[in-house]
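>>> I would like to see how this sequence folds:
(one chain, ligands or ions: 2)
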Amino acid sequence: MSEILHATDISVRYRPLGSRLRRSRSREVHALERVSVTVRQAGILGIAGESGAGKSTLAKVLAGVIAPHEGTVRYEGAPIGCPRKRHEARLIQMVAQDPGSSLNPALTVRTVLSELIRFHGLRPADGVEVRCYELMDLVGLPRAVLAARPRALSGGERQRVALARALAVEPAVLIADEVLSALDTPVQAEILNLLRDLRERLSVAIVLIAHDLAVISSICEEILVMHRGSVVERGATRQIFTQPADPYTRMLLEAARRLTMPLAGG
Ligand SMILES: Nc1ncnc2c1ncn2[C@@H]1O[C@H](COP(=O)(O)OP(=O)(O)OP(=O)(O)O)[C@@H](O)[C@H]1O
Ligand SMILES: [Mg+2]
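Ligands and ions are numbered 1, 2, ... in the order given. Got it, this is the predicted structure:
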């Protein structure tokens, strides 16, 4: 499979809030240190690592939400900057953990989707409504949801709406950052199936970010393990599960196995 998105030697530092003084440099958080990542066309890449590892920071750099201090992001071989140009902004979409806070409570689902479709000129005016129906079908929601505002929807439905919003602009890469963590287990399984299904139907590449290695291994072909701002291991899922090379990966795997093991005597 050919590479579609490639980030090279990405470094990101955060300054402590409210300090612009030079001496605060020593207190900077090195969220990413020379991280490189490759996303293949229509592939599914998993990114694992404990809280604070830098997963969301990497997602934001790939999606063009924040500019890295060092390093480059290339799409089909050409560098793309931050902020992104309109045609570039469409290509890499990110869905975050809490769909409640990322959806505007004042707008109906129809308004959100149709404004995006119009803004990017993706359909003629008389094709927008049909496209909204298609998007609802794609994410497994009834068309009646188009008239709803986010507050009227369940967590799982909101996450599907967030996916529909990302897909409305027809991205080549969809980054799902902890999209399951606010959901109940059965709903998590539904959303995972949906992601797998979307990849098949749309040939969209997916980057799935999660703490939980079990979640990642269920749909990802390749895994990248992050620890304290660096990539400690990368490779095919099967290889990482059977022959983890890095001690941190081994620890994550053991933790995942303990969690999925039935309780003694239960
Ligand atoms: N806006 C910010 N300002 C200052 N520090 C930040 C900011 N965002 C993240 N950080 C810090 O950067 C590091 C990486 O954070 P990031 O959110 O990328 O980790 P993560 O792997 O996504 O964690 P989680 O699993 O908890 O979502 C952490 O130490 C975090 O505290
Ligand atoms: Mg995060």
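>>> now the strands for the stretch 1-150 of the chain?
3-14, 29-40, 44-48, 70-75, 78-79, 92-95 (DSSP state E, counting those that start in this stretch).
>>> which strands and helices sit next to the last one?
Right, the one you point to is strand 92-95. Here strand 92-95 touches helix 55-63, helix 155-168, strand 173-177, going by 3 or more CB pairs under 8 Å, 6 or more residues apart in numbering; DSSP states H and E. C-beta: built from backbone N, CA, C; applies to glycine.
>>> kindly report the same for the third one.
Using 3+ CB pairs under 8 Å, 6+ apart as the contact criterion, the secondary-structure elements in contact with strand 44-48 are strand 29-40, helix 55-63, helix 185-202, strand 205-209, helix 213-219, strand 222-227.
>>> rewinding a little: redo the strands of the stretch 1-150 of the chain as a markdown table? Include mean neighbour count and mean pLDDT.
Formatted as a markdown table, these follow (neighbours: other CB atoms under 10 Å; pLDDT from 0 to 100):
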| stretch | mean neighbour count | mean pLDDT |
| --- | --- | --- |
| strand 3-14 | 18 | 97 |
| strand 29-40 | 19 | 97 |
| strand 44-48 | 25 | 96 |
| strand 70-75 | 17 | 98 |
| strand 78-79 | 8 | 96 |
| strand 92-95 | 24 | 96 |
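>>> tabulate the CA atom coordinates of the helix-or-strand element of the chain with minimal mean pLDDT in PDB.
Scoring the helices and strands of the chain by mean pLDDT, DSSP states H and E places helix 99-102 at the bottom, with a mean of 74. Provided in PDB are the C-alpha atoms of helix 99-102 (Å, rounded to 0.1, in the frame of the first residue of the first chain):
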ATOM      1  CA  PRO A  99     -18.300  14.700  20.800                       C
ATOM      2  CA  GLY A 100     -20.500  16.800  23.200                       C
ATOM      3  CA  SER A 101     -18.000  19.600  23.400                       C
ATOM      4  CA  SER A 102     -16.900  19.500  19.800                       C
END
